[in-house]
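[1] Build me a model from this:
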Amino acid sequence: MYRHPAFRPEENFTTAAAEAHAQRNAALAHVEKHRLSGVVHFADAAGVYDTHFFEEIRQIEAFGTWPVATMSAGKKKVVVEGPLCSASKVVGWFSRNFNDGTTRSVTYNTEVDLNPAGAAGTRAHTIDVSGFAFNSSILWDPERWGRPTSLPDTSQLTDLVLFKDSIKFVQEVVLEDRTKLKGIPSDCSQIMNCCEIQNDLVSCSGENSCASYHVAVAVVARSAAMN
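    Numbers count the residues shown, from 1 in each chain. Here you go, the predicted structure:
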């Protein structure tokens, strides 16, 4: 089944990335309203996927993340970013530039926050939507995730706000308990998702979206054995 949610922008977006963000949130609002069950992933139009990718994310119980390669036309610049893993446990993050051979990384232990202040030579890591998937029930079954329904959800729609920021909400939940975050595949040693652009290298998401007007949200049914 394919669904194509539409939205009516209530404001003039100043950047393509802002419009893409609104599109994603509109899709997540549809997932929440209709209680669609599965694993949610943001599939960019410029993304290329390994055939095993969707089988891997079916195994995600809460949250999952993986390395993503981004390259410019002709592979003039190639960067890989993603989690550092011990088996499926995420123990840090890295960014490697294959053109100049430089690698930046940040690791943490149980006492260090998932999004620490960047030290010299590093940066605080945020969950990039192009390398992230999550169980859809976090949007419509908050009690399952230890979030009381009596507390207002910052992602909820209001009469004044057309699109709730569901993406930010999910990221905040991950930051609260990173033990629910699973690296895939085990040890995060494979690159199953890459983004190729035609001009200068940009990120697949965030401030410089390479899929500004073609955003898809894939809700993948989990394996029967996992339900």
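[2] For the residue nearest to residue 68 when sequence neighbours are not counted, give its distance to residue 28.
    With sequence-adjacent residues excluded and distances taken as CB to CB, 6 or more residues apart in numbering, residue 68 is closest to residue 131, at 4.1 Å. Just so you know, the C-beta spots here come from the backbone N, C-alpha and C atoms, and that holds for glycine as well. Remark: distance between residue 131 and residue 28 (CB to CB, to the nearest Å) = 17 Å.
[3] out of these two, which sits in the busier spot?
    When residue 131 and residue 28 are compared for neighbours, residue 28 comes out ahead with 26 against 23, by other CB atoms under 10 Å.
[4] what's the strand or helix carrying the more buried one packed up against?
    Residue 28 is part of helix 16-33, with elements assigned from DSSP states H and E. For helix 16-33, the packing partners by 3 or more CB pairs under 8 Å, 6 or more residues apart in numbering; DSSP states H and E come out as strand 39-44, helix 137-140, helix 166-176, strand 215-220.
[5] Quick check: next helix or strand after the longest one?
    Okay, so that is helix 166-176. With DSSP H and E, the next secondary element past helix 166-176 is strand 181-183.
[6] Could you name the helices and strands sitting against that next one?
    Applying 3+ CB pairs under 8 Å, 6+ apart, one finds that strand 181-183 contacts strand 63-65, strand 78-86, strand 89-97.
[7] let's see it at 10 Å
    strand 63-65, strand 78-86, strand 89-97, strand 132-135 (3 or more CB pairs under 10 Å, 6 or more residues apart in numbering; DSSP states H and E).
[8] Going by neighbour count, which residues in the helix holding residue 28 are buried?
    Counting neighbours by 16 or more other CB atoms under 10 Å, one finds that the buried residues in helix 16-33 are 17-32.
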